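> coordinates only, sequence not included:
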């Protein structure tokens, strides 16, 4: 791991971006943070507000000198992506393509790109590996697939070094901004509002949950050029929605209730998904993933 690395993080004020910034600063790395918001949510980083769709920004951005660029910028949300499809395509794909265009011609001076992707690119199932069937059930998922394919194309044409990390359900929060991400973020917002946790169906849907600390550890190790360019699943531990809800209720005193699947959610639901991380283990060593059951008090 290159502790003297200089890193750029786009989307630095988002859930994963905030945690990566804090983690890398703790390792003694230099971090330049970029986001559309006017101020940084993480102290001690060099911050610049930017619009990734602004041609003028990319004309002045100098990628040389960075060890790696983490690109987390863009819009998220499954249902929102249908309502704002044109904007999602422009921002998520167009903004990323602008970065790749800026890297053309740099050769070996081009920094590695690390791109966090999503379980939503998969069709679902058990023991899902990187060769498993992909299926975009939302515009948001389709933009993730498109960005992965863009990285592959620029790698083949220009030798661009990259790592895609497909993450299932991250958990945990050390930031000051409140837990607001994904499944557990939704559950915790109900708890904060004094409402029961709502679980779709019977709560039997099972997915891989990964501590944000493990995500950060893995991301730091993937900066190293010895990790071959490519797509890697991030592993973790499997839990059903019911198990997660019961753990949160046991800690907070909240209750949970089963509710029918809304039709819109049912149409995009992928069902069970267990991420096989054997490919990643083979190149960075086996990760002893933190368990949600051991970390629930920190949520």
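Arrived safely. On a predicted model such as this, the values are computed, not experimentally measured, just so you know.
> drop to CA atoms for contacts and neighbour counts, all remaining ones
Fine.
> from the chain's centre, how far out is the one helix or strand residue 69 maps to? Work that out for me.
Assessed by DSSP states H and E, residue 69 sits inside strand 68-71. The chain centroid and the centroid of strand 68-71 are separated by 12 Å, computed with Cα atoms, centre = their mean, to the nearest Å.
> residue contacts, the closest residue to residue 169 other than its chain neighbours?
Closest residue in space to residue 169, ignoring its immediate chain neighbours: residue 209 at 4.7 Å, by Cα to Cα, 6 or more residues apart in numbering. Residue 209 makes contacts with 168-171, 235-239, 292, as judged by Cα atoms under 8 Å, 6 or more residues apart in numbering.
> now do residue 49
Counting by Cα under 8 Å, 6+ apart, residue 49 touches 34-39.
> of those residues, buried ones?
By neighbour count, with 16 or more other Cα atoms under 10 Å, those hold 34-36 as buried.
> can you tell me what sits against stretch 21-33?
3-12, 40, 42, 45-48, 216, 220.
> need the buried ones from these selected in ChimeraX.
Filtering these down to the buried ones (16+ other Cα under 10 Å) takes a single ChimeraX command:
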select :5,6,7,8,9,10,11,12,40,42,45,47,48,216,220
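> ok, for residue 243, nearest residue in space, not its chain neighbours?
Nearest residue to residue 243, sequence neighbours excluded (Cα to Cα, 6+ apart): residue 203, at 7.9 Å.
> hmm, that neighbour is touching residue 258, no?
Yes - assessed by Cα atoms under 8 Å, residue 203 is found in contact with residue 258 at 7.3 Å.
> show me which of these two is the more surrounded one.
residue 203 (17 against 14; other Cα atoms under 10 Å).
> residue 239 versus that one, what's the distance?
Look at residue 203 and residue 239: by Cα to Cα, to the nearest Å, they are 10 Å apart.
> what about residue 192, neighbour count?
For residue 192, using other Cα under 10 Å, the count is 11.
> would you say residue 12 is within a helix?
No - under DSSP: H, G, I helix; E, B strand; the rest coil, residue 12 sits outside any helix and is assigned coil.
> right, I'll leave it there.
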